[in-house]
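Student: Starting from these lines, generate the structure:
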Amino acid sequence: MNDIISEIEDIFHSQSLAIYGVSRKGGLGNILLQGFIDQEFPNLFIINPRITEPDMEILGVPVFPDLYSVGKPIDLAICSTHPKYVKDIIIECGKYGVKAVVIFSAGFGEKGEQGKKAEQELLEIAQKYNMRLVGPNCMGFYCPETGLSFFPALPTESGSLGFISQSGSIANILAFSSMLKGIRFSKSISYGNAVDLGFNDFLEYLGEDPKTNIIACYMEGIDDGRRFIKLVKNIKKPIIIWKAGATGAGSKAAHSHTGSLSGNDKLWNNIFEQYGVNRVYNLEEMVSMIQAFINPMPVDGRRVAIISGPGGPAVSSADAVEMNNLKLADLTDESKSKLREYIPEFGSSMSNPIDLSLQATFDPILEKNAYEIVGNDPNVDMMLIWLTMLTPRYKDLLKLQDEISKPISIVSGIDVNVSADSFSKKVKRSFIHIRAKKVPDIIKNLNQKGISIHPNEHLAAKALYNIYRFYNSNSN
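Tutor: Modelled structure (predicted):
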């Protein structure tokens, strides 16, 4: 284990933490503190020089005027103050022997040359004391296993996803939107302006972290392209990257956001394609691809079978399959013969795409039999299933997957997190629906079986192609 990885590992396993910027009036520092309280972090201390009364507490956490008054070792400090106080805080932390400081405070390199000079000064102070910095202008760390957090009400359960984000808000939004899909994190990192530890450092760390099976990233730019290429070439885990700054306007916005240089977008696409990185362009795509790689089923062919109740989505799904460099599977004569025994003669199709007609809504056995016949067809490598909405019939797919172990992507036309409870009683009679509160755990179970759920057929097909490419790319 090299020095950088050891140092980041130590940060994630910090046993004591001091927060600057918490006050009686409340504010951002108090919000950050609540996140650690929610995760039951073991040893929390508030540092506020304006509060000198003995035995003072805020949110049940003891307050001290400075680190020296704590009288105990501090592994990690969080700085959430006005930028004019940050330098003195870094000096105090360095002298006290703090291992690392997360600088939540903004107003540095993203503001121009003067801010960059201030950042450089902070870095020189930290290096003098052999202390690492994260930020400025970042949220820091979220790690359910060790109790680190960057916002209240985040799940306390660990998972397999490691996330790296240049943007603090994206890290936060992904954490909350992922809750609705049953996705859980091993670690999440918001690193901001990266005056010290940056994207490549955390990518290398997650690449070797045994608790992380998938790496997802939001990035606006990067300093050391050669190191990045070497890392993505050598890391054998799925890597999903939302690379912002694809246009001139986006590149300019990225520079004003974190002071980042985005670079040529065509070059980025070439690198991603060459080394098997899965590029996404928005949060919805990010969540879809993460689901697909929670537990991807190994596959060596690109033949896809489409099953749909509605006819129109079946045609659109066929387009999506070919547009994503996949092929429509040619079912065996035996499979077609078996399907004719169950599928009604009118308003349906036994060819791929398999159109089950509206009858599937009222006949769960029809749908179950179609899944089994198509899933077991030797000419089918993967399945794309288009549903009007998720129903308890998902259990049929869980059982089937135990037999076939093939990549399966589901489209739910109606938002999967919406329950039919909101429909009229007449409509509800047509759908055996699932209550919304149960959906995250259901999606989690599906993902663990290699079954992902998507809002449209194009993301479903892209997920299948990315799984195929992961197992059949020269870089893997």
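
Student: give me the low-pLDDT residue ranges for the stretch 201-350 of the chain?
Tutor: Applying pLDDT under 70 to the stretch 201-350 of the chain flags the ranges 246-263, 344-349.

Student: Break down it into its helices, ranges please.
Tutor: Taking DSSP state H, counting those that start in this stretch as the test, the helices found in the stretch 201-350 of the chain are 225-234, 248-258, 265-274, 283-292, 311-323, 333-342.

Student: from memory residue 180 sits against residue 415, does it?
Tutor: No. Using Cβ atoms under 8 Å, residue 180 is not in contact with residue 415; the gap is 9.7 Å. All C-beta spots, glycine's among them, are computed from the backbone N, C-alpha and C.

Student: what's the overlap in contacts for the two?
Tutor: Applying Cβ atoms under 8 Å, 6 or more residues apart in numbering, one finds that no residue jointly contacts residue 180 and residue 415.

Student: Phi first, then psi, for residue 397.
Tutor: Phi and psi for residue 397, reported as degrees, to the nearest 10, are phi -70, psi -40.

Student: Could you list the domains of this protein?
Tutor: Here the chain is described, according to automatic domain parsing, as comprising the domains 3-134, 140-292, 303-472.

Student: ok, and what's touching stretch 59-70?
Tutor: With Cβ under 8 Å, 6+ apart as the test, stretch 59-70 has contacts from 18, 22, 30, 33-34, 37, 44-52, 55-57, 74, 92-93, 96, 98.

Student: Out of these, which sit inside strands?
Tutor: 18, 44, 45, 46, 47, 57 (DSSP state E).

Student: So residue 101 sits against residue 75, correct?
Tutor: No. Judged on Cβ under 8 Å, residue 101 makes no contact with residue 75 at a distance of 10.6 Å.

Student: now the helices for the stretch 51-200 of the chain?
Tutor: Going by DSSP H, counting those that start in this stretch, the stretch 51-200 of the chain shows helices at 67-70, 86-96, 113-128, 168-179, 199-208.

Student: coming back round to it: among residue 101 and residue 75, which residue is more densely surrounded?
Tutor: residue 101 (29 against 17; other Cβ atoms under 10 Å).

Student: which ones are touching that one?
Tutor: Per Cβ under 8 Å, 6+ apart, neighbours of residue 101: 76, 77, 78, 79, 89, 90, 93, 126, 131, 132, 133, 134.

Student: Dump the residues you listed into JSON lines; add neighbour count as well.
Tutor: As requested, the contacts of residue 101 are exported to JSON lines (neighbours: other Cβ atoms under 10 Å):
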{"residue": "76", "neighbour count": "26"}
{"residue": "77", "neighbour count": "26"}
{"residue": "78", "neighbour count": "31"}
{"residue": "79", "neighbour count": "27"}
{"residue": "89", "neighbour count": "24"}
{"residue": "90", "neighbour count": "25"}
{"residue": "93", "neighbour count": "26"}
{"residue": "126", "neighbour count": "22"}
{"residue": "131", "neighbour count": "21"}
{"residue": "132", "neighbour count": "20"}
{"residue": "133", "neighbour count": "25"}
{"residue": "134", "neighbour count": "30"}
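
Student: closest to residue 140 among the ones in strands among the contacts of stretch 59-70?
Tutor: Proximity of those to residue 140 (Cβ to Cβ) peaks at residue 18, which lies at 13.1 Å.

Student: contacting residues for the closest one?
Tutor: 45, 46, 47, 67, 70, 74, 76, 77, 78, 93, 98.

Student: if we go to 6 Å?
Tutor: Going by Cβ atoms under 6 Å, 6 or more residues apart in numbering, residue 18 touches 45, 47, 74, 77.

Student: same thing with residue 168?
Tutor: Neighbouring residues of residue 168 by Cβ under 6 Å, 6+ apart: 138, 139, 190.

Student: swap the cut-off to 10 Å and go again
Tutor: Contacts for residue 168 (Cβ atoms under 10 Å, 6 or more residues apart in numbering) come out as 104, 106, 135, 137-140, 150-151, 190-192, 258.

Student: Tell me the spacing between the nearest residue in space to it that is not next to it in sequence and residue 191.
Tutor: Residue nearest to residue 168 in three dimensions, not counting chain neighbours: residue 139, with 3.7 Å by Cβ to Cβ, 6 or more residues apart in numbering. Computed as Cβ to Cβ, to the nearest Å, the residue 139 to residue 191 distance reads 9 Å.

Student: Now for the two: what residues contact both?
Tutor: 102, 165, 167, 168, 171.

Student: could the residues you listed go into CSV alongside pLDDT and distance to residue 444?
Tutor: Formatted as CSV, those follow (pLDDT from 0 to 100; distance: Cβ to Cβ, whole Å):
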residue, pLDDT, distance to residue 444
102, 98, 30
165, 97, 22
167, 93, 26
168, 93, 26
171, 96, 21
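
Student: List just the nearest of those to residue 236.
Tutor: residue 165 (22.2 Å).
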